[in-house]
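Colleague: Have a look; sequence and predicted model below, questions after that.
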Amino acid sequence: MQLLLKTFNEACQFPAKSSVLIPKGEYKLGAIEMMGPCKAPIRITLQGTVKADGNVNGNDYWIAFRRINGFKLNGGGVFDGEGNAAWRANNCHKMALTQCKKLPISIRFDFVTDAKIRGITSLDSKNFHINVLGARNMTLEEVTIIAPDESPNTDGIHVGRSEGVKIINSIIKTGDDCVSVGDGTRDLLVERVTCGPGHGISIGSLGLYGKEEDVTGIRVVNCTLLNTDNGVRIKTWPSAACSTTASGIHFENIILKNVTNPILIDQEYCPWNRCNKNKPSTIKLVDISFKHIRGTSANKDAVKLLCSKGFPCKNVEIGDIDIKYTGADGPATFQCSNLSPKLMGTQVPRACSSPVTKLPGQ
C-alpha cells in the first residue's frame with residue numbers, strides 16, 4: 001500500500017501526463033486515499049487483482065480517488081472487496097441509518113473531473129461498490145460489478161451531487177440497486193447496462209435528509225433487467241426532510257425478464273416503517289416518462305405509479321408498455337394514484353385500470 005501511495009504521489013506531482021501500472025498478480029491492500037490535485041492528467045492501469053484486508057477501521061472507503069482532474073482508470077483488473085464476512089455483520093436494515101456501523105465503500109470517486117473509468121471489475125464489496133460524489137464529466141464504461149443477490153447494501157454505482165456522468169455498456173450483478181441516483185445529480189446517462197440480480201435502477205431514495213439538492217436530466221436507455229427485485233423506479237420518503245424537485249427523468253427502451261415491480265414510482269418509500277406515512281412526501285416529481293418498456297413481470301404489479309397526495313406528479317408521459325405476467329393471481333395490473341399521465345401508443349396492461357394496493361411490507 002505504501003509503495004502504491006508513494007508511486008501515485010510522485011506521478012501526481014509530475015508536470016506532464018503520467019501513468020501508474022499495477023501489473024498482473026494478487027495484492028493485499030488496506031484503505032488508501034489517492035488525493036489530488038495533480039499537476040497533469042494521470043492514468044492508473046490495474047492489470048492484477050487488489051484484495052481488501054479484513055480491517056474495517058471505521059473508514060467510509062477502501063480505495064478513494066479525490067480531487068483529481070483528467071483521471072483515467074483502466075486495465076481490466078479486479079478490485080476484490082472481500083465482503084463476505086462484513087455482510088454477516090451488517091445491521092443497517094434493522095436500525096436507524098445514522099446508528100448502524102458504517103462499512104467501507106469499495107471505490108470512491110470524490111470531486112473527480114474529466115475522468116474515464118473503463119474495463120475494471122468490482123467484486124464482493126463490503127458496502128457500495130462504486131460511489132461517485134461531486135464529479136463533473138465522468139464516464140464509466142465496460143465496468144463489471146459482481147456480488148451475491150443476498151449481499152446487503154451493495155449498490156453497484158451510486159451517483160450524487162454530480163454533473164455529466166455516463167454509465168455505459170456495463171454489467172451489474174449485486175444485492176442492492178444496480179444504479180442508484182442521489183440528490184444533486186444532473187445530466188446523467190445510463191445506457192446499455194445489464195442489471196440482475198439486484199434491486200433495479202433507482203432514482204432515490206430522496207427526502208431522507210434536509211438540504212438535499214434537486215435532481216434533473218436523468219436518462220436510462222437501452223437497458224436490460226434480469227430477475228431483479230425492482231425494474232426502473234423513483235422512490236421518495238413520506239414526511240420528507242426537504243422539498244426538492246426531481247425533473248426530466250426518462251426511461252426508454254427497457255427490456256424486462258422476470259422482474260418484480262417492473263415500473264414503480266413510490267412516494268411512500270419507507271423501509272422497515274422508519275417514518276411517518278401520514279405526512280405526504282414533499283418531493284416534487286415533474287417531467288417523467290416511461291417509453292418502450294417490454295418483457296415479463298415476476299408479480300402482478302406490472303406498473304405502480306404512486307405519487308404524493310400533497311404534491312401530485314406533473315407531466316408524466318407513458319409510451320408503449322407491454323409487460324406480461326403469467327402467475328396464477330394474474331393478470332398484470334397498472335395502478336395510478338395522484339397523477340394524470342399523458343398516454344402515447346399502447347399500454348399492456350391498460351394504463352391506470354387497476355385499484356391501488358399497498359406495496360408489500362409497507
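Modeller: Ah, there it is.
Colleague: Tell me where the stretch 51-200 of the chain has helices.
Modeller: 84-89 (DSSP state H, counting those that start in this stretch).
Colleague: Quick check: which element contains the closest residue to Ser205 other than its chain neighbours?
Modeller: Leaving aside its chain neighbours, Ser205 sits nearest to Lys235 (4.6 Å; criterion: Cβ to Cβ, 6 or more residues apart in numbering). For glycine as for every other residue, the C-beta is placed from the backbone atoms N, C-alpha and C. Here Lys235, judged by DSSP states H and E, is contained in strand 232-236.
Colleague: Direction included, what does that strand pair up with?
Modeller: Partner strands for strand 232-236, per DSSP bridges, with pairing direction: strand 201-206 (parallel), strand 263-266 (parallel).
Colleague: if we can go back for a sec, for the residue nearest to Ser205, grab the count of nearby residues.
Modeller: By other Cβ atoms under 10 Å, 23 other residues sit near Lys235.
Colleague: Quick check, it in contact with Ile203.
Modeller: Yes. Counting by Cβ atoms under 8 Å, Lys235 touches Ile203, with 7.3 Å between them.
Colleague: just to revisit the earlier point, out of the strands paired with strand 232-236, which gets nearest to Thr121?
Modeller: Nearest to Thr121, of all the strands paired with strand 232-236, is strand 201-206, at 19.7 Å by Cβ to Cβ.
Colleague: So what touches that closest one?
Modeller: Strand 201-206 has contacts (Cβ atoms under 8 Å, 6 or more residues apart in numbering) with 177-183, 190, 193, 195, 212, 215, 218, 220, 223, 225, 230-237, 240, 244, 246, 249, 251, 269, 283.
Colleague: The same query, at a cut-off of 7 Å, please.
Modeller: 177-181, 183, 190, 195, 212, 215, 218, 220, 223, 230, 232-237, 244, 246, 249, 269, 283 (Cβ atoms under 7 Å, 6 or more residues apart in numbering).
Colleague: what's the longest helix in this protein?
Modeller: Looking across the chain with DSSP state H, the single longest helix is helix 2-12.
Colleague: Tell me the buried residues in that helix?
Modeller: Neighbour counts over helix 2-12 (16 or more other Cβ atoms under 10 Å) mark 4, 7-8, 11-12 as buried.
Colleague: Give me the packing partners of the lowest-mean-pLDDT helix or strand in the chain, helices and strands only.
Modeller: Among the helices and strands of the chain, helix 84-89 carries the lowest confidence by mean pLDDT, DSSP states H and E, at a mean of 85. The helices and strands touching helix 84-89, judged by 3 or more Cβ pairs under 7 Å, 6 or more residues apart in numbering; DSSP states H and E, number zero.
Colleague: what about dumping the CA coordinates of it to CSV?
Modeller: Taking C-alpha atoms only, helix 84-89 is exported to CSV below (Å, rounded to 0.1, in the frame of the first residue of the first chain):
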residue,chain,number,x,y,z
ASN,A,84,-18.4,-11.9,2.8
ALA,A,85,-17.5,-11.6,6.5
ALA,A,86,-18.7,-8.0,6.6
TRP,A,87,-22.1,-8.8,5.2
ARG,A,88,-22.9,-11.0,8.1
ALA,A,89,-22.2,-8.1,10.5
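Colleague: Pull out the buried residues from that helix.
Modeller: Per 16+ other Cβ under 10 Å, helix 84-89 contains these buried residues: 86-87.
Colleague: swap in stretch 161-179?
Modeller: 161-168, 170-179.
Colleague: if you average pLDDT over that stretch, what comes out?
Modeller: Across stretch 161-179, pLDDT averages out at 98.
Colleague: quick one: terminal-to-terminal distance for it?
Modeller: 15 Å (Cα to Cα, to the nearest Å).
Colleague: Same check on stretch 334-343?
Modeller: 13 Å.
Colleague: one step back: residues making contact with the next helix-or-strand element following the strand holding Lys235?
Modeller: Once the chain leaves strand 232-236, the next helix or strand it forms, by DSSP H and E, is strand 245-259. Strand 245-259 is contacted by residues 203, 206, 214-228, 231-232, 234, 262, 283-298, 323 when judged by Cβ under 7 Å, 6+ apart.
Colleague: Find the residue closest to Gly164 in space, skipping its chain neighbours.
Modeller: Asn137 (4.4 Å).
Colleague: ditto for Val259
Modeller: Gly231 (4.5 Å).
Colleague: The residue nearest to Ser205 is in contact with Glu268, isn't it?
Modeller: No. If you go by Cβ atoms under 7 Å, Lys235 and Glu268 don't touch, sitting 9.1 Å apart.
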